[in-house]
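**Student:** Need the 3D shape of this:
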Amino acid sequence: MHAVKVRGPNDLFIDSTAPVPTVRPGHLLIKVLSVALNPTDWKRVAIFKKEVPHTVGLDVAGRVVECGDEVGQEYKVGNRVAGLCYGIKAGDPLSGAFGEYALLKGALSLPVPDDVSDAEAATIPVGTNFVGQVEQTMIALYQTLKLPPPSPPSKPKSLGPAVLIYGGATASGMFGLQFARLSGCHVLTTCSPRNFQLVKALGAHEVFDYHDGGACAAAIRLATGDKLLYAFDCVSAGSSLQICADALTSQPDVAAYTAALPIGEGFPRKDVRAGWTSGYSGGLVFHFSLLWCPSSEGSQERENSCRDYPIFTPRIKLTCTDNPGDAAFAVDFWMATAELLRQDRLRLGPLVHERQGGLAGIAEGLAELRAGGVSAGKLVYTIE
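**Tutor:** I've put the predicted structure just below:
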């Protein structure tokens, strides 16, 4: 089959002789129909250093062609599904979404309703996983912040707790807004003014311009009466940490902040429960290093490379392991998401930015992502 591979930092190519992955117990082999690009894709491509080329990509939608043993009876050959296929996976160079076929973990796949297109379905997995987990972790809105789960489709009598979704026009933020609204929360968010109407349509009650810095934080604190307890930061860089810190209630030891990227000791307030956890603990991949600069530790080259890629830091090295509790939560959360899709309670259309070129166009799309040219959605490619 054809697949997008990486063989060195930012060195992508299409392998026309890539083997089709072998189906394993608990997994689905799918014919890929659409894929979506995520920032983590270009970031992992930028630091790739392995002897063997690896397949790239996470977000995928396709049609089941083979079911492995131990797969639930809800999956049949011919079904359309969406899921996470962890690309550039240590020890598994064939794992990845950007190919003509992909292997998905059945328990962490979503049946795609008939009224959801392949392109829309491809935007779901990472965004939903992120919302349920924060930086691909089972902690964001429902494990760490412990918000109430999405409620039945009836209008609540009053709003629940206030939650700040920082970066509401990011793909994960767009999912976060919808889930927080479905949970009955008072939803506040930040974004650029050009996206105000979009985020309001997705569930935000109040929107603030993050460019205003300290004034933005002060306005959020005023709007919540200094009672904001929860912040979900989908940016986790630049001024976002400080704005979230200043927007959360001034009352000590009651607020919680979850980040989309490792923040180390970087959160400005010690009286706020702050952190992040790897979502790969949900059972997707285990034991790998993440967000680690390409060059040798302590060297000037390393420091320069970290400045080139702001998501990397020379002070944090991470190894992520599986967690049975997180895996169980992931299965439940994905089942709940599938039900919300069936009920037509999630809006996917605004997230789709369709691009041409199929697999051959992905390198250009990743370059566009890397240059910061994509907002308010995901680049999606149809795979013939």
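**Student:** What helix or strand is the closest residue to Ile383 other than its chain neighbours located in?
**Tutor:** Counting by Cβ to Cβ, 6 or more residues apart in numbering, Ile383 lies nearest to Val32, which is 4.6 Å off, once chain neighbours are set aside. Placement of C-beta: from N, CA and C, glycine included. If you go by DSSP states H and E, Val32 is part of strand 27-36.
**Student:** Quick check: which ranges of the protein have low pLDDT?
**Tutor:** Residue ranges of the chain with pLDDT under 70: 127-140, 143-144, 153-157, 264-265, 277-331, 334.
**Student:** quick one, domains of it?
**Tutor:** Following automatic domain parsing, one finds the domains of the chain at 3-123+348-382, 133-280.
**Student:** Which among these is found nearest to Phe333?
**Tutor:** Of all these, it is domain 133-280 that lies closest to Phe333, at 7.0 Å by Cβ to Cβ.
**Student:** on that earlier part again, pretty sure the residue nearest to Ile383 contacts Gly96?
**Tutor:** No: using Cβ atoms under 8 Å, Val32 is not in contact with Gly96; the gap is 10.2 Å.
**Student:** if we can go back for a sec, what's across from the residue nearest to Ile383 in the sheet?
**Tutor:** Beta bridges link Val32 to Gly62, judged by DSSP bridges.
**Student:** Can you name the residues that contact it?
**Tutor:** 60-62, 97, 99-102, 383 (Cβ atoms under 8 Å, 6 or more residues apart in numbering).
**Student:** Can you show me the strands along the stretch 201-350 of the chain?
**Tutor:** Applying DSSP state E, counting those that start in this stretch to the stretch 201-350 of the chain gives strands spanning 206-209, 230-233, 256-259, 273-275, 289-290, 318-319.
**Student:** Equivalent analysis for the stretch 1-150 of the chain, please.
**Tutor:** For the stretch 1-150 of the chain, applying DSSP E, counting those that start in this stretch gives strands covering 3-8, 11-15, 27-36, 54-55, 59-67, 80-84, 101-105, 109-111.
**Student:** how about the ones you listed in JSON lines, adding distance to Gly349?
**Tutor:** Below are those laid out as JSON lines (distance: least, Cβ to Cβ, whole Å):
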{"stretch": "strand 3-8", "distance to Gly349": "26"}
{"stretch": "strand 11-15", "distance to Gly349": "29"}
{"stretch": "strand 27-36", "distance to Gly349": "13"}
{"stretch": "strand 54-55", "distance to Gly349": "28"}
{"stretch": "strand 59-67", "distance to Gly349": "15"}
{"stretch": "strand 80-84", "distance to Gly349": "15"}
{"stretch": "strand 101-105", "distance to Gly349": "23"}
{"stretch": "strand 109-111", "distance to Gly349": "17"}
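**Student:** Minimum distance to Cys191: which of the ones you listed has it?
**Tutor:** Cys191 lies closest to strand 27-36 among the strands of the stretch 1-150 of the chain, at 20.0 Å (Cβ to Cβ).
**Student:** what angle sits between the closest one and strand 101-105?
**Tutor:** Put simply, strand 27-36 runs at 120 degrees to strand 101-105, going by axes from the mean of the first three to the mean of the last three Cα atoms, to 10 degrees.
**Student:** what's the burial count for the closest residue to Val187 other than its chain neighbours?
**Tutor:** Nearest residue to Val187, sequence neighbours excluded (Cβ to Cβ, 6+ apart): Ala180, at 4.7 Å. Close neighbours of Ala180, defined as other Cβ atoms under 10 Å, add up to 33.
**Student:** any idea which element Ala180 lies in?
**Tutor:** Secondary structure from DSSP H and E places Ala180 in helix 171-182.
**Student:** So which residues of the stretch 151-300 of the chain form helices?
**Tutor:** Applying DSSP state H, counting those that start in this stretch to the stretch 151-300 of the chain gives helices spanning 171-182, 196-201, 214-223, 240-247, 300-308.
**Student:** The first one versus strand 59-67: what angle between them?
**Tutor:** Angle of helix 171-182 versus strand 59-67, following the same axes, to 10 degrees, is 80 degrees.
**Student:** ditto for the fourth one
**Tutor:** Here helix 240-247 runs at an angle of 110 degrees relative to strand 59-67 (the same axes, to 10 degrees).
**Student:** contacts for helix 240-247?
**Tutor:** 164, 166-167, 190, 210, 213-214, 216-218, 220-221, 224, 228, 231, 233, 257, 259, 263, 266-269, 272.
**Student:** returning to what we had before: now the contacts of Val32: which count as buried?
**Tutor:** 60-62, 97, 99-102, 383 (16 or more other Cβ atoms under 10 Å).
**Student:** related to what we said a few turns ago, and the contacts of helix 240-247, which are buried?
**Tutor:** By 16+ other Cβ under 10 Å, the contacts of helix 240-247 give 164, 166-167, 190, 210, 216-217, 220-221, 224, 228, 231, 233, 257, 259, 263, 266-267, 269, 272 as buried.
**Student:** ok now do the closest residue to Val4 other than its chain neighbours, which residues does it touch?
**Tutor:** Leaving out its chain neighbours, the residue that sits closest to Val4 by Cβ to Cβ, 6+ apart is Phe98, at 3.8 Å. Counting by Cβ under 8 Å, 6+ apart, Phe98 makes contact with 3-4, 35, 55-57, 87, 359, 362.
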